[in-house]
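J.: how would this look folded up:
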Amino acid sequence: MSKKNIEECIRSSLESYFKDLRGEEPHSMYDMILKVVEKPLLETVMQQAEGNQSRAAEWLGINRNTLRRKLVEHKLLK
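T.: From the prediction side, this is the model:
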């Protein structure tokens with residue numbers, strides 16, 4: 001899936017989200033979006049990296065300690 005396809009999926013999902021609100025005001029969208037995107041991103045990258053945190057952190061462009069913290073936050077690591 002290309003970057004453009006991912007962007008289109010996100011855009012479509014956001015449009016559906018606003019439609020489902022039926023005129024209600026959204027709240028804390030930025031944090032909500034980060035949380036719902038971050039967990040599957042981490043799960044998928046860790047799976048593709050075969051659990052190798054150093055490799056996954058490199059692929060994500062983040063520090064390994066940051067990756068560990070995020071894995072714990074999302075209950076993906078004990």
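
J.: please pick out the residue of this structure most distant from its centre.
T.: Gly23 (26.3 Å; CA atoms, centre = their mean).

J.: from Asn65, how far out is that one?
T.: 43 Å (CB to CB, to the nearest Å). The C-beta positions use only the backbone N, C-alpha and C, and glycine is treated the same way.

J.: with Met46 instead?
T.: 15 Å.

J.: who has more neighbours out of the two?
T.: Met46 (20 against 10; other CB atoms under 10 Å).

J.: separation between that one and Lys3?
T.: 21 Å.

J.: tell me the span between the first and last residue of stretch 51-69.
T.: 15 Å (CA to CA, to the nearest Å).

J.: pLDDT weak spots in the protein?
T.: 1 (pLDDT under 70).

J.: in it, which spans are helices?
T.: 3-21, 29-48, 53-60, 64-73 (DSSP state H).

J.: for Leu41, give me its contacts.
T.: Leu60 (CB atoms under 8 Å, 6 or more residues apart in numbering).

J.: next: the one 4 residues further on.
T.: When the contact criterion is CB under 8 Å, 6+ apart, the partners of Val45 are 56, 59-60.

J.: and it, how far from Glu38?
T.: The value you get for Val45 to Glu38, if CB to CB is used, is 10 Å.

J.: next one: Asn5
T.: 19 Å.

J.: more neighbours: which of the two?
T.: Neighbours per residue (other CB under 10 Å) separate Asn5 from Glu38, with Glu38 holding more: 13 against 9.

J.: correct me if wrong: the more buried one contacts Lys70.
T.: Yes: counting by CB atoms under 8 Å, Glu38 does reach Lys70; the two are 6.7 Å apart.
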